[in-house]
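> model the following, please.
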Amino acid sequence: MHMEKRADGLHISGYVNVTGKFSKPITTPHGKVIETIEERAFEKALSKGGNITVEIDHDSGHVYASTNDGTLELHEDAIGLHADVLISDPTVIEMAEKGKIRGWSFGMYNVSDELEQRAEGLPIRHVKDFTLDHISLIKDKIPCYSATSVEYRAENVREIEIRSLGIAPAFRKHHDYSEYEERIKNL
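Numbering: from 1, shown residues only. Next up, the predicted model:
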């Protein structure tokens, strides 16, 4: 994850999840498994359309960016799900400056998967397709692919499976030269 403060806000980019990698043991509707998101699963999810939001710690009460307003761009490439986010909220910018954003996570539902039983160890859950609900910046949770929880939303009660990937964030502040530019202008 790369974060940079610019005049228009906080720019965040990086991989939300790397496809084809195995998780640590997690609890799913199939019980305890090792999970992998198959290649092109994110591509299928994105092709379904719909607004995908950016939240913090999976809190749907506060949306900081979205695909509908153009502040979130998502695509799957040969590595995995890549996100480019622009956030103008001063609280989130301050959290980033203080190193409090720890990684990415995502929420999914309507999961289509295949379970691979193994002679030794936990079964492997191959996630082939799903509906992508949201992307979340992780502040207070552990940004690890094996982190799982269930979230319920009002009205259309949906079970949201949440996955995270622990990538150490890097923050680079864009230098503000406006003071120097103003002095040059006044010369």
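> every contact and neighbour count from this point should use C-alpha atoms.
Fine.
> any chance you could map the strands in this structure?
2-6, 9-18, 26-28, 31-37, 53-56, 65-66, 72-76, 80-87, 103-116, 124-138, 150-151, 160-165, 170-173 (DSSP state E).
> looking at those, which is closest to Lys44?
Lys44 lies closest to strand 124-138 among these, at 6.6 Å (CA to CA).
> how far off centre is the closest one?
9 Å (CA atoms, centre = their mean, to the nearest Å).
> about what we covered before: so can I have JSON lines of the strands of the chain showing mean pLDDT and mean neighbour count?
Formatted as JSON lines, the strands of the chain follow (pLDDT from 0 to 100; neighbours: other CA atoms under 10 Å):
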{"stretch": "strand 2-6", "mean pLDDT": "88", "mean neighbour count": "19"}
{"stretch": "strand 9-18", "mean pLDDT": "90", "mean neighbour count": "21"}
{"stretch": "strand 26-28", "mean pLDDT": "82", "mean neighbour count": "17"}
{"stretch": "strand 31-37", "mean pLDDT": "91", "mean neighbour count": "20"}
{"stretch": "strand 53-56", "mean pLDDT": "96", "mean neighbour count": "23"}
{"stretch": "strand 65-66", "mean pLDDT": "98", "mean neighbour count": "20"}
{"stretch": "strand 72-76", "mean pLDDT": "97", "mean neighbour count": "19"}
{"stretch": "strand 80-87", "mean pLDDT": "94", "mean neighbour count": "21"}
{"stretch": "strand 103-116", "mean pLDDT": "91", "mean neighbour count": "19"}
{"stretch": "strand 124-138", "mean pLDDT": "94", "mean neighbour count": "22"}
{"stretch": "strand 150-151", "mean pLDDT": "28", "mean neighbour count": "13"}
{"stretch": "strand 160-165", "mean pLDDT": "52", "mean neighbour count": "23"}
{"stretch": "strand 170-173", "mean pLDDT": "52", "mean neighbour count": "15"}
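> same list (those strands) but as a markdown table, adding distance to Glu97.
Converted to a markdown table, the strands of the chain look like this (distance: least, CA to CA, whole Å):
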| stretch | distance to Glu97 |
| --- | --- |
| strand 2-6 | 8 |
| strand 9-18 | 10 |
| strand 26-28 | 32 |
| strand 31-37 | 31 |
| strand 53-56 | 15 |
| strand 65-66 | 18 |
| strand 72-76 | 20 |
| strand 80-87 | 13 |
| strand 103-116 | 14 |
| strand 124-138 | 14 |
| strand 150-151 | 29 |
| strand 160-165 | 21 |
| strand 170-173 | 7 |
